[in-house]
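Need a 3D model of the sequence below.
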Amino acid sequence: MSGRLIAPEGLPGFGITLCNRQRRRLEAAGRFPRRVALSDRTYAYLEAELLDYLGRCVRARDRGQVAA
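Below is the predicted model of the structure:
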């Protein structure tokens, strides 16, 4: 694994303002990057996967679809 880890608190810096519940639902459906467990109560996301997710959102927008 390589890449920077982003804590949930850092997601707004990427323009991602989904609440935890919505992120969990999207993760379960395979429509949002899966979290990386760092401990029992701490997790983060891989920056590269977040950027890929945002790219998919942009491509869906350009096709007139909704990504998330």
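
Pull out the buried positions in stretch 31-38.
Judged by neighbour count (16 or more other CB atoms under 10 Å), stretch 31-38 contains these buried residues: Phe32, Pro33, Arg35. Where you see a C-beta, it was placed from the backbone N, CA and C, and this is true even at glycine.

which residues touch that stretch?
The contact list for stretch 31-38 (CB atoms under 8 Å, 6 or more residues apart in numbering) reads 5, 18, 23, 26-27, 43-46, 49-50, 52-53, 67-68.

Within the sheet, what are the partner strands of the longest strand along the chain, with directions?
Ranked by residue count, the top strand of the chain under DSSP state E comes out as strand 43-46. Using DSSP bridges, strand 43-46 pairs in its sheet with strand 5-6 (antiparallel), strand 36-37 (antiparallel).

out of those strands, nearest to Ala60?
Closest to Ala60 of those, according to CB to CB: strand 5-6, at 21.6 Å.
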